[in-house]
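Engineer: Here is a sequence together with a model predicted from it:
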Amino acid sequence: MFPESNFMLSTESRLPHWFQLPEGLTRSEVSVELLYYIDHATFVLRNKGTGRQLARTRAQLLNDRPLVLQHSLSRDEVTPNYSIARVNGIVEIVEHKRREAVFDISDDPDVRTKLLTMSGHTELLK
């Protein structure tokens, strides 16, 4: 099965909570790739220096299409858009700020509340 699209975690963003930074490595020495499939997403943690895979996890997507909180005036670009990903009960908000192959993990509590409410997952607001 091939991914529909793939993205790299912004160097300014924190790691998703389901990944632990390996001992001896700093945040700047690792990368995270996000691969979207039809029914799920996969996150891959790699050592930037060697390219070696350090961890891989499959995430359940809690929305079936990108979510937007506000429509832009441009018909060609609706950003930012979001996905809600869950791994082992840990929920992260994936934010695509621009039309590029980069994503961030959002820590904005207002965005989290609005998206979980929009998607019908208010039970995760606790």
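Structural biologist: That came in fine, so what should we check first? Numbers count the residues shown, from 1 in each chain.
Engineer: mind listing what's buried in stretch 89-105?
Structural biologist: Buried residues in stretch 89-105, defined by neighbour count with 16 or more other CB atoms under 10 Å: 91, 92, 93, 94, 95, 96, 102, 103, 104, 105. Where C-beta positions appear, they are placed from N, C-alpha and C, glycine not excepted.
Engineer: list the contacts for residue 18?
Structural biologist: Shown in contact with residue 18 (CB atoms under 8 Å, 6 or more residues apart in numbering): 43, 57, 87, 88, 90, 92.
Engineer: same thing but 10 Å
Structural biologist: With contact set as CB atoms under 10 Å, 6 or more residues apart in numbering, residue 18 has these partners: 43, 45, 55, 57, 59, 85-92.
Engineer: what do you get for residue 46?
Structural biologist: Residue 46 is in contact with 8, 29, 30, 31, 32, 33, 52, 53, 54, 55, 56, counting by CB under 10 Å, 6+ apart.
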